Structures are given as C-alpha cells and as structure tokens.
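S.K.: coords please:
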Amino acid sequence: MAMKSIRALKEEYGVSRQKLQRLDQAGVLSPTVKAAGGWLYDEAAVRRLILVSVYQEYGYSMKEIREVLSRPERDTLELAREKVQLLKERRDKLDRLIDAFNKGEELMMKALQQIPE
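M.R.: Numbers count the residues shown, from 1 in each chain. I've put the predicted structure just below:
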C-alpha cells in the first residue's frame, strides 16, 4: 500500500484535516511523514486510524484510546469487554431514569387532573 495523504484519507474514510491534527496533538495517531508538501500515512498508520475511529464510536476518551493502543492485543480485547460492560451499566441507568420520569409524569398528570379549576 502506498502512503496516503490527508486528502486521500478524507476521501476514503471521511476524516478531516482537523481531526488528524487533533489525533496527532493527543498522541494517538501521528503521520508517518511530516513534510512541507503535507502529511503522509503508511498502511500501519491507516489501520491505527481505523481503530481510533472505532474506539471513538464506542465512546472511548483520548486517554482511553492511548491506553488501549499501547497495550498488547490480548489486553485490548479485555479492555473492550470492560468498556462494553460500562456502556451496559450506563444504558441500564438511563433506562431507570426514563422509567422514573415516565412514572413521575403519569403521577403529575393524575394530580393535575384532580386539581379543581
């Protein structure tokens, strides 16, 4: 695979120059070559970009992404499982909050109907 420019990454993966700059500043993804003509990314950097994008979709912070990418592959899967568990717990909490709101809304509506005009 040839080196890819920022323009090529934008066309293939929809990633902006600003995002690539932020990833570089965060220490998550650096270009393979920084030259006056632009930044270039090799195949390994492109694979890393894909992983970073997936982790961002999962809700990982930059700190978490740096940690995951610095670990051996066998640890990465365990960290992903932990993140899924945390997401499930967050979902359960949100479900409970929604249920509480719905019950509270029903009680409010009943109470309002009983108030004489």
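S.K.: could you list the low-pLDDT ranges of the protein?
M.R.: Residue ranges of the chain with pLDDT under 70: 1, 72-74, 117.
S.K.: could you chop it up by domain?
M.R.: 1-70, 72-117 (automatic domain parsing).
S.K.: same list, the ones you listed, but as a markdown table with mean neighbour count please.
M.R.: Where you see a C-beta, it was placed from the backbone N, CA and C, and this is true even at glycine. As requested, those are arranged in a markdown table below (neighbours: other CB atoms under 10 Å):
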| stretch | mean neighbour count |
| --- | --- |
| domain 1-70 | 15 |
| domain 72-117 | 10 |
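S.K.: pretty sure L79 is touching R71, no?
M.R.: Yes: with contact defined as CB atoms under 8 Å, L79 reaches R71; the gap is 7.0 Å.
S.K.: identify the residues contacting the spatially most central residue of the chain.
M.R.: The geometric centre of the chain, computed from its C-alpha atoms, lies nearest to Q56 (CA atoms, centre = their mean), at 1.6 Å. Counting by CB atoms under 8 Å, 6 or more residues apart in numbering, Q56 touches I65.
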